[in-house]
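A.B. asks: show me how the following folds:
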Amino acid sequence: MRRKRIKKFINGAINKLDKDDYEILYELYFNNTSIHQLSKKLGISRPAVRYRRSKALKQLKKIYLRDRSVLQGTDFSHKALKDR
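C.D. replies: Prediction:
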């Protein structure tokens, strides 16, 4: 039950990102694209990719802080998630 709520929350938060932020995080964390590869793909510098990644993660954090009451009482630790 908690795992479903967490997954739903994360999917919802990611979908609230703008297209550019979503693309950066998707490529880096779901497609395991390196910063170097992504910079070539997007035609921007590696520092620009790192900046955009940081911006996207900050945006996700804002979404989490705003919407976290949905997950109140949910343990996000790796061990807690693994044990379920």
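A.B. asks: which residues are in contact with the helix or strand harbouring residue 41?
C.D. replies: Here residue 41 sits within helix 35-42, counting by DSSP states H and E. Contacts of helix 35-42 with the rest of the structure, by CB atoms under 8 Å, 6 or more residues apart in numbering, involve 24, 27, 28, 33, 45, 46, 48, 49, 50, 53. (Each C-beta comes from the backbone N, C-alpha and C, glycine too.)
A.B. asks: what pLDDT does residue 13 get?
C.D. replies: Listed pLDDT for residue 13 reads 84.
A.B. asks: quick one: contacts for it?
C.D. replies: For residue 13, the contacting residues are 60, 63, 64, 67, by CB under 8 Å, 6+ apart.
A.B. asks: I'd like to know how far the third one sits from residue 56.
C.D. replies: To tie it back to what came earlier, the one meant is residue 64. In this structure, residue 64 lies at 13 Å from residue 56, with CB to CB, to the nearest Å as the measure.
A.B. asks: Three-state assignment for residue 17, please.
C.D. replies: Look at residue 17: counting by DSSP: H, G, I helix; E, B strand; the rest coil, its state is coil.
A.B. asks: quick one on the thing from earlier: ok now the helix holding residue 41, how far from the chain's centre?
C.D. replies: Relative to the centre of its chain, helix 35-42 is centred 18 Å away, using CA atoms, centre = their mean, to the nearest Å.
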